[in-house]
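Chemist: The following comprises the amino acid sequence and a computationally predicted model.
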2 protein chains.
Amino acid sequence: MANQKSSTDNNPQENTWQIGPRTLPPPAGASEEMRAAIAETPQPDPATMQIEPQSEAEWFAVIAQMDEGKVDVVHDLSEQFLISIEQEKIEGINVYQVTPAEGSPAQGSSVRLRAWRSLRPQRWRGGSGRTYHNRPSVQDAGTISIDYRMPPRYPTPAGRDDVVTVYQQLLKQQPAQSMALGGTSGGGNLVMATVQRLIELDLDVPGALYLGTPGTDMSKTSDSWYINEGIDRLITSYDGFVEAASWLYAGGRDLKDPLVSPLYGNVHGFPPTFLVTGTRDALLSNTARTHIKLRQAGVVADILVYEGVSHGDYIVVMDSPESLHAFAELNAFLLKHLQ
Amino acid sequence: MANQKSSTDNNPQENTWQIGPRTLPPPAGASEEMRAAIAETPQPDPATMQIEPQSEAEWFAVIAQMDEGKVDVVHDLSEQFLISIEQEKIEGINVYQVTPAEGSPAQGSSVRLRAWRSLRPQRWRGGSGRTYHNRPSVQDAGTISIDYRMPPRYPTPAGRDDVVTVYQQLLKQQPAQSMALGGTSGGGNLVMATVQRLIELDLDVPGALYLGTPGTDMSKTSDSWYINEGIDRLITSYDGFVEAASWLYAGGRDLKDPLVSPLYGNVHGFPPTFLVTGTRDALLSNTARTHIKLRQAGVVADILVYEGVSHGDYIVVMDSPESLHAFAELNAFLLKHLQ
């Protein structure tokens, strides 16, 4: 499907540069832990991203492969941090209620959010999202992770509509200002699309947002898709799988339709937003462009850029100072802006 | 001189990656003005940076070449923005007092700061700095640009000492909290080194700082020296001139001595700091590492990362939305934090 449409709008008349090869040592300016993890990584190879599933069955096979072992990871994390995970239904939508138990290090710390993030690993289906609410403060908050509909069966905006449905139910129990909405990568896309929908519907927006290296522009527009190709160790190229997944998620829409790429939609009226990225992140530009657009609209928005960090590395090298700092900052941001 | 010492501390045992060639179109996610300026730029060639002056006379010749035409630029800008520039002496140090005249668009807007920045164009001498003070608000502020000592005659910390001297004189006229200290590139280095010195001397620090794509680490440590080589259109490589200028500025010190690279020094007690960079900036990592280090020390620090922007592009393409936004944000930041 990727071959039938253009995912870029580059003008061939323009001055495209041919950038030469270079050597890249592990980032000496990153923490020891982050540098060690990067130094142990084989050189990223964009060719490994050249996977383009051709049928629903092939997509499900790829998804199953990517999910492999992740349930065990979540189980181990929940034991490590004394966190209970309960499956529930809200308006027929599958959700997971994540609650730190008595004595959990997630109580009174930022660890909770990290466990929360790990509950539903990213599965490359063009969007992944989580929502969480707090009562009465972030420290002893519960988190609700929403199992929203995704491709290949459900392109945009099905997932967004599920998040809006759950959010509306939560609104009956507590004020919008007490809730935060957050997600990483495709999840950041969904958070942005959800808030745009809430504003359209004239509903109260959450008190704060978290966008971790968000996939807010699914076209190959951003500078860092080009610059960090083969440099980001976690998402080595746009070409191939990411492009195919973007078209799958679009379901016939243009890649710059705000329902596919919410960066092209409205951001006026957005709540305070916290963003995280890194210098090797293939989505550095997406994150930076989202941050600047929010600021230009007068939204309170704060971005952290970590040295040497690839797409989502701060939730991969979880004991690194970068990860600990990012989540401590996120926690402080939420405490400041949630009521 | 660059050949006698190592400017990197990369471990050859570590896994250095060989990054392949790539194409890079003009950044479609930047403003039209910024994209047009980049599209008109010939492909950056790191070979043009392979200049290593071998004597004082050769250094002065390079400096004269780089200064050429800049006096006219400053003159034109001062007429355009109705700004008067008066040369003065403070404790024997040459300074320029920059004052917006009646009816100047620099009154009540951020334009003043842009004119201020252009007063002393960067001259590749390992450090360049400016200081400005306000009375009683940023809008009708005067700016003092300090003609501090520089290499090749004066390595670090001569320039810093001149800034400290001028600052101490200004402190007799007005409170520290009413003053801001700012600089771009090498000027950002000097601002950081100056504040470290003020803290050592137990003097009150300014109310706010501005670090535009600061050269706070003069060694080749930062990721973006490698990643954005030949991609940054304004500073295409560390190797050659930048490395030679760094050793010149160091005057026999190690490149990681805080007097050469203040990123390795203390940042506790720093005032609120505003930083600007871009995705193509060879100093993206320097700026991001400085921002994170400040935040980790509990300092209020805000970073803006503009799509497609090279080292200091926001003061080159001065009518671009990126430049206008950066200076509007800087102005708001100063108004918020200065007293």
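Modeler: Received the coordinates, thanks. Residues are numbered from 1 along each chain as shown, chains lettered A, B, ... in the order given.

Chemist: contacts, neighbours, all on C-alpha from now
Modeler: Will do.

Chemist: And the nearest residue to A:Val300 once chain neighbours are set aside, what's its pLDDT?
Modeler: If you skip the residues right next to it in sequence, A:Val300 has A:Pro272 as its closest partner in space, 4.6 Å away by Cα to Cα, 6 or more residues apart in numbering or on different chains. For A:Pro272, the pLDDT comes out at 96.

Chemist: and A:Pro272, how many neighbours does it have?
Modeler: The burial count assigned to A:Pro272 is 23, neighbours taken as other Cα atoms under 10 Å in any protein chain shown.

Chemist: wait, isn't it in contact with A:Ile303?
Modeler: No: counting by Cα atoms under 8 Å, A:Pro272 does not reach A:Ile303; the two are 11.3 Å apart.

Chemist: Name the residues contacting each of those two.
Modeler: By Cα atoms under 8 Å, 6 or more residues apart in numbering or on different chains, A:Pro272 and A:Ile303 have no common neighbours.

Chemist: where's A:Gln97, which helix or strand?
Modeler: A:Gln97 is part of strand A:93-100, with elements assigned from DSSP states H and E.

Chemist: Sort out which residues of that strand are buried, please.
Modeler: A:94-100 (16 or more other Cα atoms under 10 Å in any protein chain shown).

Chemist: How about stretch A:152-163?
Modeler: Neighbour counts using 16+ other Cα under 10 Å place A:152, A:154-163 of stretch A:152-163 among the buried residues.

Chemist: would you turn those residues into CSV with secondary structure, distance to A:Arg289 and pLDDT?
Modeler: Listed next are the buried residues of stretch A:152-163 as CSV, based on DSSP: H, G, I helix; E, B strand; the rest coil; distance: Cα to Cα, whole Å; pLDDT from 0 to 100:
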residue, secondary structure, distance to A:Arg289, pLDDT
A:Pro152, coil, 28, 88
A:Tyr154, coil, 27, 92
A:Pro155, coil, 24, 93
A:Thr156, coil, 22, 94
A:Pro157, coil, 22, 96
A:Ala158, helix, 25, 93
A:Gly159, helix, 23, 91
A:Arg160, helix, 22, 92
A:Asp161, helix, 25, 94
A:Asp162, helix, 27, 92
A:Val163, helix, 24, 91
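
Chemist: Which pLDDT value belongs to the residue lying closest to A:Gln43 once chain neighbours are set aside?
Modeler: Nearest residue to A:Gln43 in three dimensions, chain neighbours excluded: B:Trp17, at 5.6 Å (Cα to Cα, 6+ apart). At B:Trp17, the pLDDT value in this model is 96.

Chemist: For A:Ala328, give its distance to A:Ser178.
Modeler: Per Cα to Cα, to the nearest Å, A:Ala328 is found 19 Å from A:Ser178.

Chemist: Next: A:Ile83.
Modeler: Counting by Cα to Cα, the gap from A:Ile83 to A:Ser178 is 22 Å.

Chemist: tell me which strands and helices the helix or strand encompassing A:Glu79 is in contact with?
Modeler: Here A:Glu79 sits within helix A:70-80, counting by DSSP H and E. Here helix A:70-80 touches helix A:111-118, going by 3 or more Cα pairs under 8 Å, 6 or more residues apart in numbering or on different chains; DSSP states H and E.

Chemist: A:Asp204 - how many residues pack around it?
Modeler: Using other Cα under 10 Å, A:Asp204 has 16 neighbouring residues.

Chemist: So it, which state does it fall into?
Modeler: Recorded secondary structure, A:Asp204: coil (DSSP: H, G, I helix; E, B strand; the rest coil).

Chemist: residues in contact with the nearest residue to A:Met192 once chain neighbours are set aside?
Modeler: Among residues not flanking A:Met192 along the chain, A:Pro262 sits closest, at 6.1 Å (Cα to Cα, 6+ apart). Counting by Cα under 8 Å, 6+ apart, A:Pro262 touches A:189, A:192-193, A:196, A:216-217.

Chemist: Out of the residues you listed, flag the one nearest to chain B.
Modeler: Checking those against chain B by Cα to the nearest Cα gives A:Asp217 as the nearest, at 9.9 Å.

Chemist: Count residues in the vicinity of that closest one, would you?
Modeler: By other Cα under 10 Å, the residues close to A:Asp217 number 27.

Chemist: Would you check that it makes contact with A:Gly265?
Modeler: No: in this structure, A:Asp217 is not within contact of A:Gly265 by Cα under 8 Å, at 10.4 Å.

Chemist: Just grab the bridge partners of the residue nearest the centre of chain A for me.
Modeler: The residue lying closest to the centre of chain A (Cα atoms, centre = their mean) is A:Thr184, at 1.6 Å. Beta-bridge partners recorded for A:Thr184 (DSSP bridges): A:Gly212.

Chemist: and the gap between it and chain B?
Modeler: Going from A:Thr184 to chain B by Cα to the nearest Cα, to the nearest Å gives 19 Å.

Chemist: hey, where'd the strands end up in the stretch 101-250 of chain A?
Modeler: Using DSSP state E, counting those that start in this stretch, the strands found in the stretch 101-250 of chain A span residues A:130-133, A:142-146, A:179-184, A:208-212.

Chemist: Out of those, the one nearest A:Gly29 is which?
Modeler: Of all the strands of the stretch 101-250 of chain A, it is strand A:208-212 that lies closest to A:Gly29, at 21.4 Å by Cα to Cα.

Chemist: now the helix or strand containing A:Ala36: how far from the chain's centre is it?
Modeler: Per DSSP H and E: A:Ala36 is located in helix A:32-39. Relative to its chain's centre, helix A:32-39 lies at 22 Å (Cα atoms, centre = their mean, to the nearest Å).

Chemist: does that helix come close to chain B?
Modeler: Yes: Helix A:32-39 reaches chain B (Cα under 8 Å from any Cα of the partner chain) through A:Ala39.

Chemist: Give me the mean pLDDT for the next helix or strand after that helix.
Modeler: Downstream of helix A:32-39, the first helix or strand assigned by DSSP H and E is helix A:56-67. For helix A:56-67, mean pLDDT rounds to 84.

Chemist: Any buried residues in helix A:56-67, and which?
Modeler: A:59-60, A:62-63.

Chemist: Those residues of the stretch 201-339 of chain A touching chain B, which are they?
Modeler: So the stretch 201-339 of chain A meets chain B at A:221-224, A:226-228, A:230-231, A:279, A:284-285, A:288-289, A:292, A:296, A:302-308, A:325 (Cα under 8 Å from any Cα).
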